[in-house]
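In: pasting the sequence and the predicted model now:
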Amino acid sequence: AKALTILGLESSCDDTAAAIVQVEPGQPARILSSVVHGQDMLHSNYGGVVPEIAARAHAEKLDICVKQSLSEAEKDLSQLDVIAVTAGPGLIGGVMSGVMCAKGIAAGAGLPLVGVNHLAGHALTPRLTDAVDYPYLMLLVSGGHCQLLVVRSCTDFTRLGGTIDDAPGEAFDKTARLLGLPQPGGPAVEQEAAQGDPGIFNFPRPLLDRAGCDMSFSGLKTALLRARDQVVAEKGGLSRADRSHLCTGFQAAVSDVLTEKTRRALAIYADEGAQHPTLAVAGGVAANATIRAGLESLCAQTGTSFVAPPLSLCTDNAAMIAYAGAELFAAGHRDDMGLAARSRWPL
Ligand code: KG4
Ligand code: ZN
């Protein structure tokens, strides 16, 4: 097998991204460029991502991202081997923009096309960044997703559990909204939480009393709303300190639930006879230092290696799509002009 140079495209949510990755057997994968154009500014007045605005912005930005990724990598289309594109799951307009762009490039440059599941992109990121061997346990925590997976190959994922309602990133975003903090909520809540006292608000840890690896985060948001309203009723308003304490309590609850459910997943995984278990994290919420610290100490206690990709590769990016595309291509996967964009696409 020879070295592959792959262009990856990502446009399934609110980031338009293109990247060039080089994969050579026996060598660590190389990210030659990774361009991400976020849309936070476009959606900031709406309290969430507006699908129509997102799709239009992706359509406008994809070409620019592709050109930039090629020029930063000092490559032209003739030097590429494969085009990989997120074909779902996600906001359908954005996914369609990416798939159409990829088809255009593939047809124009005569290159093979590979459709990639966005979740597989996240789930394979530790192989891109740290050359982690299969199998490993993956905690994928983002704005739209929350799953504990055993990753055995680029197409073989066993789901041990996940959220039954909101994703943790969604809970961070809603919490930020309830407290008047900016979007995306994760970084804002984390920043506030660093100033708070963990002893003031003790929020519930949903589903910890129930066996298995499923999680729930929507009740936590309701508890936070109630606590906020109580403070406002008692004091006539919410001080900066109150807000920080609420964030600290909320973040601690999310972190505890994720750590505890991951502990159970590790136990299930260990029962399969995993000799040197590895836990890898991905998704935007994995950027959270408190959550990382909880998982790290769990791994230290259980003799598990902990792998956390750099933050820029935990959040949405196209390098992970290019890399997953490379593995799929090497395994014989090809798509044609019939490749469809899918809003839903379970792993
Ligand atoms: O993976 P991602 O970029 O997009 C998808 O959802 O696919 O994740 C974005 C989510 C947002 O909900 C954001 O609030 C959350 O990740 N997030 C964080 C942090 N940084 C981003 N949540 C908690 N703490 C953070 N530091
Ligand atoms: Zn994502």
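Out: Now that the structure is in, tell me what you want to look at. Ligands and ions are numbered 1, 2, ... in the order given.
In: from here on, just use CA atoms for contacts and neighbour counts.
Out: Noted.
In: residue nearest the centroid of this protein?
Out: Centroid-nearest residue in the chain: Gly283, 2.3 Å away (criterion: C-alpha atoms, centre = their mean).
In: quick one: contacts for that residue?
Out: Counting by C-alpha atoms under 8 Å, 6 or more residues apart in numbering, Gly283 makes contact with 122, 140-143, 314-316.
In: list only buried entries from these.
Out: With burial judged by 16 or more other C-alpha atoms under 10 Å, the buried subset of the contacts of Gly283 is 122, 140-143, 314-316.
In: any chance of the residues you listed in CSV, with distance to ligand 1, pLDDT and secondary structure too?
Out: Shown next, in CSV, are these (distance: C-alpha to the nearest ligand atom, whole Å; pLDDT from 0 to 100; DSSP: H, G, I helix; E, B strand; the rest coil):
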residue, distance to ligand 1, pLDDT, secondary structure
His122, 8, 95, helix
Leu140, 8, 96, strand
Val141, 7, 96, strand
Ser142, 4, 92, coil
Gly143, 3, 89, coil
Cys314, 6, 91, helix
Thr315, 3, 90, coil
Asp316, 4, 92, coil
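In: closest one to Ala322 out of those residues, please.
Out: His122 (11.2 Å; C-alpha to C-alpha).
In: what about Ala308, how many neighbours?
Out: Using other C-alpha atoms under 10 Å, Ala308 has 19 other residues around it.
In: and it, what is it in contact with?
Out: Taking C-alpha under 8 Å, 6+ apart as the test, what Ala308 contacts is 126, 280-282, 286.
In: just the ones of those residues in strands?
Out: Secondary structure assignment by DSSP state E places 280-282 of these in strands.
In: most neighbours among those, please name it.
Out: Neighbour max across the ones in strands among the contacts of Ala308 (other C-alpha under 10 Å) = Ala282, 29 neighbours.
In: for that residue, give me its contacts.
Out: Ala282 sits next to 122-123, 125-126, 138-142, 308-309, 314-315 when contact means C-alpha under 8 Å, 6+ apart.
In: rerun at 7 Å
Out: By C-alpha atoms under 7 Å, 6 or more residues apart in numbering, the contact set of Ala282 is 122-123, 139-141, 314.
In: up against ligand 1, what does the stretch 151-300 of the chain have?
Out: Residues of the stretch 151-300 of the chain found near ligand 1 (C-alpha under 6 Å from any ligand atom) are 169-170, 172-173, 184-187, 190, 283-285, 287-288.
In: change it to 8 Å
Out: Counting by C-alpha under 8 Å from any ligand atom, the residues of the stretch 151-300 of the chain close to ligand 1 are 167-173, 183-190, 282-289, 291.
In: what subset of these is buried?
Out: Buried by 16+ other C-alpha under 10 Å: 167-173, 183-190, 282-288, 291, out of these.
In: now Gly26: how far from ligand 1?
Out: Gly26 sits 29 Å away from ligand 1, going by C-alpha to the nearest ligand atom, to the nearest Å.
In: so that residue sits in a helix?
Out: No. Using DSSP: H, G, I helix; E, B strand; the rest coil, the secondary structure at Gly26 is coil, not a helix.
In: what's the burial count for Leu113?
Out: Residues contacting Leu113 under the criterion other C-alpha under 10 Å number 26.
In: one step back: closest to ligand 1 out of the ones in strands among the contacts of Ala308?
Out: Set against ligand 1, the nearest of the ones in strands among the contacts of Ala308 by C-alpha to the nearest ligand atom is Ala282 (7.4 Å).
In: Arg342: which of the ones in strands among the contacts of Ala308 is nearest?
Out: Looking across the ones in strands among the contacts of Ala308 and measuring by C-alpha to C-alpha, the closest to Arg342 is Ala282, at 21.6 Å.
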